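Peer 1: predicted coordinates and the sequence they were generated for:
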Amino acid sequence: MSRKGESTHHMKYIWQNKSWPGFKWDSAKLLKPLGNIRFSQGSLLTQIKELGFEIQQTARADILVEEALKTSAIEGEKLDPDAVRSSVGHWLGLSDAGLKEVRDQKIEGLVEILLDATGNYSKAMTVERIWGWHAALFPTGYSGRVKISVGQWRDDSKGPMQIFSGPVGQEKIHFQAPPAKKIDNEMQTFISWINTKDQLDGIIKAGLAHIWFVTIHPFDDGNGRIARTLTDMLLARDENNPKRFYSLSSQMMAERNDYYDILKATQAGTGDITEWLQWFLECMNRAILNSNALLKKVMTKARFWQEFAQTRLNNRQTKVINRLLDAGNGGFEGGLKNKKYIGIAHTSRATAQRELADLVNKGILIKMPGGGRSASYDLDWEKWSLLILIGENVGSVLHLKSNLKMEKSCEKNTSFYL
């Protein structure tokens, strides 16, 4: 949590070092994790290229939904998944697959800045642009019930900016940010560095930008979300690709305690950020590797709707099926029961029973063991997993044929290369 409170002088922070912001790190310790990332990136992009355009777009949308949900969850804010999906569909011009349109100004702002960061990754960063991002995150001028300074740097009028945890009266202070009077100069230096084309590896630059920005902590609130947005922008710049196919925030959320621990240790350090960069690179690699599971989920969903494209379903049924597909195999503990259907679809018990029976009759749901009121339903995951496996095998065969053609072509043109 962040607050403005009484100053603390007993602890020294990274920004108080004379060398600030002269970060240093051991490049030799970063070679292996950086190499792992480059390999994982290449493997992921190869997979993506083999997907059709529509599935690529669906994957991109699902990653953006995941990023929006998890970058907020890290800060303890739970967003409505339907509102996020609706906003992403709106911004990307995608079909809502029968979902009711949900509009939320704050979510719209978050999705907009995520897309601006990655879609306009080559655009120069300015104070006005970053202030615009902040204003989009807090359209009402409030963070929860607290009025904050929006679209401008914090002023510390209520005391220094501190990061703390624990109950009121027993707070433990983890970090105190630089005083507000220094922010203008600090951010000018930071923004100038962001815009400078240097020899620094793009992924290292993204990790460095993250720790640098959250240490300056220039806003009353939203610093973590904007730091992660800046990180995504620099990763898009490094990959020269506005489309994201992995969610770093999702992985950071899964490792939230480690994320906060390494930030705390680095911000109380001497300016050597080797351990932070090691953790950042390893976390990013895990994010890329874990995107494979999401891609399989996207492919399952795409094949499912191809199969039932001509099946007549109402909006409630489509919404429930999408929830099952998004959750994946085993995602609904105990299966889909009448009560869960009522909760998701916001309908009556009688309507839920009738619509569940209709989905069974149409071959979409199967009834799980058990009966009566405790009856539960699910998708036939074995069937869909088999279809994905067949699709992957076909893709592998096509890829093998393509490689053989390329080899033969190289044999024919050997003299050209000599």
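Peer 2: Structure received.
Peer 1: going forward, measure contacts between C-alpha atoms and count neighbours the same way
Peer 2: Noted.
Peer 1: ok, which stretches of the stretch 201-350 of the chain are helices?
Peer 2: 202-216, 223-239, 248-254, 256-267, 274-307, 315-327, 338-345, 349-361 (DSSP state H, counting those that start in this stretch).
Peer 1: can you give the contact residues for the fourth one?
Peer 2: By Cα atoms under 8 Å, 6 or more residues apart in numbering, the residues outside helix 256-267 that reach it are 13-15, 74, 174-175, 211, 215, 252, 272-273, 275-276, 279.
Peer 1: now a PyMOL select for only the buried ones of these.
Peer 2: To isolate the buried ones among the contacts of helix 256-267 in PyMOL, judged by 16 or more other Cα atoms under 10 Å, type:
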select buried, resi 13+14+15+74+174+175+211+215+252+272+273+275+276+279
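Peer 1: which helix or strand contains the spatially most central residue of the chain?
Peer 2: Centroid-nearest residue in the chain: E67, 2.2 Å away (criterion: Cα atoms, centre = their mean). Using DSSP states H and E, E67 maps to helix 53-73.
Peer 1: what's the helix or strand following that helix packed up against?
Peer 2: Later in the chain than helix 53-73, the nearest helix or strand by DSSP H and E is helix 81-92. In this structure, helix 81-92 packs against helix 53-73, helix 105-119, with contacts taken as 3 or more Cα pairs under 8 Å, 6 or more residues apart in numbering; DSSP states H and E.
Peer 1: can you get me a residue count around D378?
Peer 2: Neighbours of D378 under the rule other Cα atoms under 10 Å: 21.
Peer 1: would it be right to say that it lies in a strand?
Peer 2: Yes - using DSSP: H, G, I helix; E, B strand; the rest coil, the assignment for D378 is a strand.
Peer 1: hang on, it packs against G335?
Peer 2: Yes - at 5.6 Å, D378 counts as touching G335 under the criterion of Cα atoms under 8 Å.
Peer 1: gap between the closest residue in space to I148 that isn't next to it in sequence and E275?
Peer 2: Excluding the flanking residues, the one nearest I148 by Cα to Cα, 6 or more residues apart in numbering is Y142, at 5.6 Å. Remark: distance between Y142 and E275 (Cα to Cα, to the nearest Å) = 35 Å.
Peer 1: before we move on, back to that, quick one: the residue nearest to I148 and V111, what's the gap?
Peer 2: Y142 is 18 Å from V111, by Cα to Cα.
Peer 1: okay, these two: which has more neighbours?
Peer 2: Higher neighbour count among Y142 and V111: V111, with 23 against 14, using other Cα under 10 Å.
Peer 1: shouldn't the more buried one be in contact with G89?
Peer 2: No - contact criterion Cα under 8 Å: V111 and G89 do not qualify, at 10.2 Å.
Peer 1: ok so, going back, closest to W153 out of the contacts of helix 256-267?
Peer 2: Among the contacts of helix 256-267, T215 lies closest to W153 (Cα to Cα), at 13.9 Å.
Peer 1: for the closest one, give me its contacts.
Peer 2: Applying Cα under 8 Å, 6+ apart, the residues contacting T215 are W15, A177, P178, Q267.
Peer 1: next one, pLDDT for the last one please.
Peer 2: At Q267, the pLDDT value in this model is 96.
Peer 1: D380 now?
Peer 2: For D380, pLDDT reads 85.
Peer 1: show me what contacts it?
Peer 2: For D380, the contacting residues are I364, L365, I366, by Cα under 8 Å, 6+ apart.
Peer 1: before we move on, what about K29?
Peer 2: Applying Cα under 8 Å, 6+ apart, the residues near K29 are T274, Q278.
Peer 1: where does this protein have low pLDDT?
Peer 2: 1-11, 95-101, 370-373, 385-418 (pLDDT under 70).
Peer 1: hmm, back to that, name the residues contacting each of D378 and G335.
Peer 2: Common neighbours of D378 and G335 (Cα under 8 Å, 6+ apart) are M368.
Peer 1: that older thread, got the phi and psi for the residue nearest to I148?
Peer 2: phi -120, psi 150 (degrees, to the nearest 10).
Peer 1: list the beta-bridge partners for it.
Peer 2: Assessed by DSSP bridges, Y142 has beta-bridge partners K147.
Peer 1: pretty sure it is in contact with A135, am I right?
Peer 2: No - applying Cα under 8 Å as the test, Y142 and A135 come out as separate, 10.3 Å apart.
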